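Asker: pasted the sequence and its predicted model underneath.
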There are 2 protein chains.
Amino acid sequence: MLKATITVRLKDGIDDPEGKSIRRSLELLGFESISEVKVVKQYIIYMNYNPQDGKNMAEEMVKKLFVNPVIHSYDIRVEEI
Amino acid sequence: MLKATITVRLKDGIDDPEGKSIRRSLELLGFESISEVKVVKQYIIYMNYNPQDGKNMAEEMVKKLFVNPVIHSYDIRVEEI
């Protein structure tokens, strides 16, 4: 069994409305020394491929489903479990 | 400046509809050997507190805004940058 961890974040300079909204909420809750909030998403995928195929498959999944290359950067970690 | 990374995941046994939906999408795209998909969210918070206060503040933020303790587990990493 393989566990692939795909981490997707917005590229620097791309607007993060969810992060901004969280920052405002934190300020309203009294946390005043926040300079920025960024939101990162991880997809943990358990799959039955051999390790070499798994890495390639995860790369393909990222391109087909998880990432818009204009606004996102990503990294992939694959481990045997 | 401190960087706090708050990682929020669903507890084991709690239904993850987003993960299930992604799994179905991956199957429709031809990835057939997927056994489970989990979605994890990270909040990266840049803030101006001293390190000890920062850890406590992040803990408070988690309780007030980021986590529903019935369904979520979390961890917090604070580093100076």
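Answerer: That came through fine.
Asker: bridged to A:I44, which residues?
Answerer: Note on A:I44: beta-bridge partners by DSSP bridges are A:T5, B:K38.
Asker: what sits against it?
Answerer: A:3-5, B:37-40 (Cβ atoms under 8 Å, 6 or more residues apart in numbering or on different chains). C-beta here means a position set from N, CA and C on the backbone, and glycine is covered the same way.
Asker: tell me the buried residues within these.
Answerer: A:3-5, B:37-40 (16 or more other Cβ atoms under 10 Å in any protein chain shown).
Asker: can you name the element that comes right after the lowest-mean-pLDDT helix or strand in chain A?
Answerer: The helix or strand of chain A with the poorest confidence is helix A:51-61; it has a mean of 92 (mean pLDDT, DSSP states H and E). Next helix or strand after helix A:51-61 toward the C-terminus (DSSP states H and E): strand A:72-80.
Asker: any idea of the angle that next one forms with helix A:51-61?
Answerer: Angle, strand A:72-80 to helix A:51-61, by axes from the mean of the first three to the mean of the last three Cα atoms, to 10 degrees: 160 degrees.
Asker: pull the residues that contact strand A:72-80.
Answerer: With Cβ under 8 Å, 6+ apart as the test, strand A:72-80 has contacts from A:1-11, A:51, A:54-55, A:58-59, A:62, A:66-67.
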